[in-house]
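*Asks:* Need coordinates for the following:
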Amino acid sequence: MGATETVARWIVNTTYEDIPPEAIRVANESCFDLLGVILAGSKQPLGDLIQQYVSDQGGVPEATILSSGVKTTLPNAALANGTMGHALDYDDFGGFGHPTVAIFPALLAIGEHLGSTGRDLLEAYVIGCELGLALQHTTKYNQMDKGFHSTAVIGRLACAAACSKLLKLDQTQTTTALGIAGSMSSGLIHNFGTMTKPLHAGMAGRDGVTAAQLAQRGWTAGDQVLEHPFGFAATVLGKGIYDLDQMAENMGKPFRVQDALIIKKYPCCGGNHAMLDSLFGMMREHNFTYEDVVNAEVDQSYLSVVMLYAEPEDELKGKFSAKYNVAAALVDDEVGIGTFTPEKIADPKIQEVMDKVRTRVMAKSEEGTTDFQLGLPIRITLKDGRVIEHTTAREDILGGQKNPWGFDSIKHKFQVNAGLALPADRVEQTIAAWSDITQVTDLAGTIQSTLVANTG
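*Replies:* So this is what the prediction gives:
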């Protein structure tokens, strides 16, 4: 039995009861968080554009776009909601880029159409996410080495697996869905800092739905998409960096979801989060502001995506600028949705402080000797002569499983995000309905009564 067949069998045979309660809890938090982020993203400029685009396509009204309430086809609902869910770069990360936004919007669309329960959604989500995590963690895949965005590349297979589970496809159909999705995988890092980066997430969801639906209808595809010499792993991930048989045989042994996901505190690239946690911690401990700073020095990998834009000219590029994030944090003592606006990017005070921020880019020769999971330091030189430094390890990022926010903080984030799109009374209804997704039984009705701004 090859790796693809083994994985497909695992997807079909694994049930909700097989999933550790802790994995369900973490999955619930991430999916709940994403719903709020989608609502906030629907009010961004690209949210308007993707909703207009999908509306213009027409089609059978099968699933709902948040928060407008417009109905469209399943693939297009996944496309719109997934794109809006990544518009702010405020959705969770960890494992393979941004797992939840690549998977959950597709399940929300299918589940609404099928009359699935929230428990069905979480079962399918965890199973799809586990495949993505296994591909990332056991293959030593590094998206920056290839220039591909792992949310889009691995996320498509993960989403196809999740959609196959929710549609109750058999092993042959699931194998086919994975084969189809393997031919769809792409997403270029060159597009980070543009509207196309959020589109990567939307397309992963759209294609996951499409792959599963085609497989259900009798479409054909290669049945060795993972292990074939011209298949997904060798062609997309790269040769010689994996043991696919070992990966396939060890799916769910153990589950990884409960350890991998990080719920974002800041609406920017996850590569900035450890740095920002360190900076805010130093500001609190040592009681200084931007006016006290002579300079700030940030260590970065030569492949770091937060080095893409040293002098960002717009808010989307600002999310991938270490210099901008440090300067904005120093000036405003916070990094939030309001940090990434045209007005804030042009703020003279932040522009002035950016001149004090230096990035020390590691040489390529240093890469093999550095464990980036341990983090990289940020150093602050103050006018009184003090030089302070701090490093936050990846596992210690606020919002990760070793340093969790706590569900009350996640709910507060949801309240703020949802409040950008929904009336205040609807926000509270939405929190009550979705904070425990396993309790949702009438998916279509709950979406209409909580996640739509005007039920008319």
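*Asks:* domain parsing for the protein?
*Replies:* Following automatic domain parsing, the chain resolves into domains at 3-260, 270-396.
*Asks:* most tightly surrounded among these?
*Replies:* domain 3-260 (a mean of 23; mean count of other CB atoms under 10 Å). (Glycine included, C-beta is placed from N, CA and C.)
*Asks:* What mean pLDDT does that domain get?
*Replies:* What domain 3-260 shows for mean pLDDT is 96.
*Asks:* these two touch, right, Leu199 and Met84?
*Replies:* No. Taking contacts as CB atoms under 8 Å, Leu199 lies outside contact range of Met84: 10.5 Å.
*Asks:* Can you verify my assumption that Lys413 contacts Asp33?
*Replies:* Yes. Using CB under 8 Å, Lys413 and Asp33 qualify as a contacting pair, with a distance of 6.7 Å.
*Asks:* who touches both of those two?
*Replies:* Contact criterion CB atoms under 8 Å, 6 or more residues apart in numbering; residues shared by Lys413 and Asp33: Ile263.
*Asks:* returning to what we had before: which neighbours do Leu199 and Met84 share?
*Replies:* Ile50.
*Asks:* what's stretch 198-207 in contact with?
*Replies:* Applying CB under 8 Å, 6+ apart, the contact partners of stretch 198-207 are 41, 46, 50, 75-76, 78-87, 89, 91, 98, 101-103, 105-106, 109, 149, 151-152, 155-156, 159-160, 181, 184, 187, 191.
*Asks:* same thing with stretch 53-69?
*Replies:* Where contact means CB under 8 Å, 6+ apart, the residues beyond stretch 53-69 that reach it are 35, 38-39, 42, 51, 70-74, 76-81, 84, 108-110, 112-113, 421-422, 444, 447-448, 451-456.
*Asks:* So which of those residues sit within helices?
*Replies:* Among the contacts of stretch 53-69, the members falling in helices (DSSP state H) are 35, 38-39, 51, 74, 76-81, 84, 108-110, 112-113, 444, 447-448.
*Asks:* could you list every residue that touches Val70?
*Replies:* Contacts were defined as CB under 8 Å, 6+ apart; by that measure Val70 touches Gln51, Val54, Ser55, Thr64.
*Asks:* Give me the contact list for the longest strand seen in the chain.
*Replies:* Counting residues, the longest strand found in the chain (DSSP state E) is strand 293-300. The contact list for strand 293-300, computed with CB under 8 Å, 6+ apart, reads 275, 279, 306-307, 322-323, 326, 330, 353, 356-362, 376-383.
*Asks:* OK, contacts around the closest residue to Trp405 other than its chain neighbours?
*Replies:* In space, and not counting its chain neighbours, Trp405 is closest to Gly399: 5.5 Å by CB to CB, 6 or more residues apart in numbering. Residues in contact with Gly399 (CB under 8 Å, 6+ apart) are Asp92, Ile262, Ile263, Lys264, Lys265, His273, Trp405.
*Asks:* what about the helices in the stretch 351-456 of the chain?
*Replies:* In order along the chain, the stretch 351-456 of the chain carries the following helices (DSSP state H, counting those that start in this stretch): 407-418, 424-434, 443-450.
*Asks:* what does the stretch 151-300 of the chain give?
*Replies:* Along the stretch 151-300 of the chain, the stretches classed as helices by DSSP H, counting those that start in this stretch are 171-182, 196-216, 232, 244-249, 257-260, 273-286.
*Asks:* Serialize those helices to CSV and add fields for distance to Leu133.
*Replies:* Converted to CSV, those look like this (distance: least, CB to CB, whole Å):
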stretch, distance to Leu133
helix 171-182, 15
helix 196-216, 15
helix 232, 16
helix 244-249, 10
helix 257-260, 6
helix 273-286, 19
